[in-house]
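In: got a structure for you, letters missing:
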Ligand SMILES: [Zn+2]
């Protein structure tokens, strides 16, 4: 008997699969390439219908291996003893775990951008600063069938410092503190502000550092715009320590190499930019300003030393790339080399409104900043796992969430192939399929 069903049929919807793979988390979070298919210690589902995905080549951390994969209740399972209920023919596609975006803002509660992320196979994103009130739309717009997010809500900065000025586009001046940022100028403000943050409970905490080596000067020089100001570096270790004791991971905005070092020594979890991503007057085009123009001609401002990179690697600190919004300068190339040589974990993030991490990944390879394999792996494996460390994602092992992207051709051969996803599947539910829709589902033998 053969039946033709739509891929939106409820047979493909996972039922209660989301919580099951949590058990597998610890093992998978640190699994290296060789552990890619390692069996997760999750309980395999024992009921439900099995879907076979055939004629695909599946990522193993190094390349793509032809095999059939089986999904039941939203997670990968070993081959069933009986016949699968449904078979989907991937027609030679290459399959990766779904992609993540390590640094974004605009996909939050924004239906058009959410659709464009799903189109691109990006099903996870970190929102690294947002209005506190965005919590209320998050449940409605994100989750099953959408992009899953970790939301930093409002981050911590100083008064008249980045990103307060952005809040003025949509808030009255008096409403920025507490809704768009939390302001700390003195150490004695910290506990009060952390209590306020605890009350709104972000998924992680964002802090803003900017040219901390010149903190005292920038604090008083009113010719410098808020874009280039940030927190007092002396307070950063305390902020990070207390945030960690509240169970919050910390992501740091940085501009200079000194900011990077301050963040690393304070023990942040994520450095949200590569130093040099916005050199000189990049934010304001104020090329005439003596301070900002001097920055541009001083590459040492942005150069991360091998020693600091080694400390970042030792502490397991991740760094989001965010370089595709500018030009691929020598400082960016050098920092990427230094961090890679030191073994620092790089995450793929764009921090760009109308663009996303696939654009960032393609940019990195097309400008010879990173090789394709070192971009594809964090896009599909390391970044998703960093965002949701408690979940079994970024893997095809039994028990892992069946959330993946099937591309028309191998992105390790031509990075442009990242831009041609044919199938996007989330916990076994088909969100995108080749157009025009092919009725390729049959009941019976794979
Ligand atoms: Zn950002």
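Out: Yep, it's here. On a predicted model such as this, the values are computed, not experimentally measured, just so you know. Residues are numbered from 1 along each chain as shown.

In: ok, the residue nearest to the spatial centre of the chain to residue 356 distance?
Out: In the chain, the residue lying closest to the centroid (C-alpha atoms, centre = their mean) is residue 102, at 2.1 Å. Going from residue 102 to residue 356 by C-beta to C-beta, to the nearest Å gives 10 Å. All C-beta spots, glycine's among them, are computed from the backbone N, C-alpha and C.

In: Distance from stretch 246-259 to the middle of the chain?
Out: 15 Å (C-alpha atoms, centre = their mean, to the nearest Å).

In: So which bits of it are buried?
Out: 248, 249, 250, 251, 252, 253, 254, 255, 256, 257, 258, 259 (16 or more other C-beta atoms under 10 Å).

In: first to last residue in that stretch, what's the distance?
Out: 23 Å (C-alpha to C-alpha, to the nearest Å).

In: average model confidence for that stretch?
Out: Stretch 246-259 carries an average pLDDT of 98.

In: cool, and stretch 77-86?
Out: 88.

In: I'd assumed residue 265 was in a helix, is it?
Out: Yes - membership of residue 265 in a helix is supported by DSSP: H, G, I helix; E, B strand; the rest coil.

In: From the ion, how far out is it?
Out: 22 Å (C-beta to the ion, to the nearest Å).

In: next one: residue 260
Out: With C-beta to the ion as the criterion, residue 260 and the ion are 16 Å apart.

In: Ok, residue 209 next?
Out: Counting by C-beta to the ion - residue 209 and the ion are separated by 13 Å.

In: before we move on, what about residue 370?
Out: Distance of residue 370 to the ion, given as C-beta to the ion: 20 Å.

In: Assign that residue to helix, strand or coil.
Out: Residue 370 is classified as coil under three-state DSSP.

In: Straight-line length of stretch 366-386, end to end?
Out: 25 Å.

In: With stretch 269-279 instead?
Out: One end of stretch 269-279 to the other measures 23 Å (C-alpha to C-alpha).

In: Likewise for stretch 339-352?
Out: 22 Å.

In: Quickly find the element holding residue 303.
Out: Using DSSP states H and E, residue 303 maps to neither a helix nor a strand.

In: pretty sure it is touching residue 333, no?
Out: No - between residue 303 and residue 333 there is no contact under C-beta atoms under 8 Å: 11.1 Å.

In: Now for residue 242, how many residues are close by?
Out: For residue 242, the neighbour count with other C-beta atoms under 10 Å is 16.

In: gap between it and residue 410?
Out: Residue 242 is 46 Å from residue 410, by C-beta to C-beta.

In: likewise residue 195?
Out: According to C-beta to C-beta, residue 195 stands 51 Å off from residue 410.

In: Could you check the pLDDT of the residue in the stretch 101-250 of the chain that the ion sits nearest to?
Out: Evaluated by C-beta to the ion, the stretch 101-250 of the chain has residue 128 as its residue closest to the ion, separated by 4.9 Å. On pLDDT, residue 128 comes in at 98.

In: Can you name the residues that contact it?
Out: If a contact means C-beta atoms under 8 Å, 6 or more residues apart in numbering, then residue 128 has 103, 104, 105, 152, 155, 206, 251, 253, 272, 351 as its contacts.

In: Go again with 10 Å.
Out: Counting by C-beta atoms under 10 Å, 6 or more residues apart in numbering, residue 128 touches 102-105, 150-152, 155, 163, 204, 206, 251-253, 270, 272-273, 320, 322, 349, 351.

In: Keep only these that also lie close to the ion.
Out: Filtering the contacts of residue 128 for neighbours of the ion using C-beta under 5 Å from the ion leaves residue 351.

In: Give me the buried entries from the contacts of residue 128.
Out: By neighbour count, with 16+ other C-beta under 10 Å, those hold 102-105, 150-152, 155, 163, 204, 206, 251-253, 270, 272-273, 320, 322, 349, 351 as buried.

In: still on that earlier bit, hey, what's in contact with both of residue 303 and residue 333?
Out: residue 276.

In: circling back to that earlier point, now tabulate the buried residues of stretch 246-259 in JSON lines and tack on secondary structure.
Out: JSON lines is the format used below for those (three-state DSSP):
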{"residue": "248", "secondary structure": "coil"}
{"residue": "249", "secondary structure": "coil"}
{"residue": "250", "secondary structure": "strand"}
{"residue": "251", "secondary structure": "strand"}
{"residue": "252", "secondary structure": "strand"}
{"residue": "253", "secondary structure": "strand"}
{"residue": "254", "secondary structure": "coil"}
{"residue": "255", "secondary structure": "coil"}
{"residue": "256", "secondary structure": "coil"}
{"residue": "257", "secondary structure": "helix"}
{"residue": "258", "secondary structure": "helix"}
{"residue": "259", "secondary structure": "helix"}
